[in-house]
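>>> Fold the stuff below for me.
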Amino acid sequence: MRRFRFKVEYDGSAYAGWQVQDNAPTVQGEIEKALQDFNGGQLIRIQGSGRTDTGVHAFGQVAQFDFDTPLPPVAFEKALNAKTPADIYVYDFEEVDPSFHCRFDAIRRTYIYKITTRFSPMLRNYYWYVRWNFDFDLLQQCAQLIEGEHNFESFCRTADQASSKVCFIYNSAWKKDGNLLTYRIAGTRFLHSMVRMLVGTMMEVARGKRPIEKFHELLETTLIDETRYTAPAHGLYLAKVEYKNDRKQ
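Modelled structure (predicted):
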C-alpha cells in the first residue's frame with residue numbers, strides 16, 4: 001500500500017466545510033468522489049491536515065490517502081483536476097513514507113483573515129466587509145498580545161473536544177493596504193473557530209466596544225465571555241501547513 005500526499009486550494013463558498021457530511025457538499029467529499037474512478041467505484045478515504053468550517057477557504061490544505069497502485073503521483077493530480085469542480089484544485093502530489101500523517105506530523109499552520117472597509121460585490125465571499133470606524137493601532141496591539149503560549153479556551157467553541165486548549169503562536173500581525181486588511185497568524189495548532197473569534201474580538205477592541213485590557217484578560221484566563229464576537233467564515237483562509245524536514249514547504 002502506497003501513501004500519497006497532496007495540497008488542495010479551494011473556494012469554500014459552496015461547501016459545508018472540508019469534512020465529509022451525509023447531507024451537504026464538502027471539499028473532502030468532492031475529492032473522494034473523483035478518486036473512486038481509480039478504484040472501480042469504491043471509496044478511497046482521504047484525510048486532511050485539519051478541518052475548515054462552512055465558507056472557509058484554503059490555499060494550502062494538505063491531505064493524504066493510501067492506495068495500492070503502480071500509477072505515478074502526477075497521474076492522480078491531472079485526473080483529479082479534470083474531475084473535481086472548478087472551485088477545487090489539487091497540486092504537489094507526491095508519494096510519502098507510510099508513517100507520515102498530514103495532521104499529526106504538522107509542526108506549524110498558518111491562517112490569514114481578510115477584511116475590506118469598502119464594500120465590493122466582487123469581494124463579498126472572500127473578505128469581511130467592516131463598515132465601522134476602528135483604530136488600526138489597537139488591532140496591531142491585540143495581535144502582538146497573542147504571540148507566545150496561551151490557553152485559548154476563551155477563544156474556541158465550547159464543543160471543541162481537544163484535550164488541551166494550549167497553543168503556541170509564532171507570529172500574529174495585521175497588514176493594511178488601502179481599504180484592505182490582512183491578518184496573518186501562525187501556530188502549532190488551532191482550536192475550533194479560534195482564529196475567527198480572535199479576529200472578531202480584536203475588532204471589538206479596535207472599534208471601542210471593549211478595552212484592550214479585557215482582551216488581554218481573556219488570553220490569560222479560561223473564562224468564557226458570551227459577548228465575544230466571531231468574525232464571518234468567508235474571510236478566513238488556511239494558508240499553509242508545514243512539516244519537519246520538509247523541503248517543499
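
>>> so who does Thr26 touch?
In this structure, Thr26 makes contact with Tyr15, Ala16, Gly17, Trp18, Gln19, Val20, judged by C-beta atoms under 8 Å, 6 or more residues apart in numbering. C-beta here means a position set from N, CA and C on the backbone, and glycine is covered the same way.

>>> quick one: it and Tyr237, what's the gap?
Using C-beta to C-beta, to the nearest Å, Thr26 is found at 17 Å from Tyr237.

>>> picking that back up, make a markdown table from the contacts of Thr26 and add pLDDT, neighbour count and distance to Val241 to it.
What follows is the contacts of Thr26, written out as a markdown table (pLDDT from 0 to 100; neighbours: other C-beta atoms under 10 Å; distance: C-beta to C-beta, whole Å):
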| residue | pLDDT | neighbour count | distance to Val241 |
| --- | --- | --- | --- |
| Tyr15 | 97 | 25 | 19 |
| Ala16 | 96 | 17 | 21 |
| Gly17 | 96 | 19 | 17 |
| Trp18 | 97 | 26 | 12 |
| Gln19 | 95 | 15 | 16 |
| Val20 | 94 | 18 | 19 |
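
>>> Asp87: which of those is nearest?
Closest approach to Asp87 among the contacts of Thr26 (C-beta to C-beta): Tyr15, at 8.1 Å.

>>> Ramachandran angles for Thr117?
The phi and psi values for Thr117, taken as degrees, to the nearest 10, are phi -100, psi 0.

>>> what's the neighbour count on the nearest residue to it once chain neighbours are set aside?
Nearest residue to Thr117 in three dimensions, chain neighbours excluded: Asn179, at 4.8 Å (C-beta to C-beta, 6 or more residues apart in numbering). Summarising burial for Asn179: neighbours were counted as other C-beta atoms under 10 Å, giving 15.

>>> again, but for Leu71
For Leu71, the neighbour count with other C-beta under 10 Å is 12.

>>> For Arg45, see how far away the residue nearest to it when sequence neighbours are not counted is.
Spatial nearest neighbour of Leu71, excluding adjacent residues (C-beta to C-beta, 6+ apart): Phe38 at 7.5 Å. For Phe38, the distance to Arg45 (C-beta to C-beta) stands at 13 Å.

>>> Between the two, point out the one with more neighbours.
Higher neighbour count among Phe38 and Arg45: Phe38, with 17 against 10, using other C-beta under 10 Å.

>>> In three-state terms, label Leu123 for me.
Secondary structure, DSSP: H, G, I helix; E, B strand; the rest coil: Leu123 is coil.
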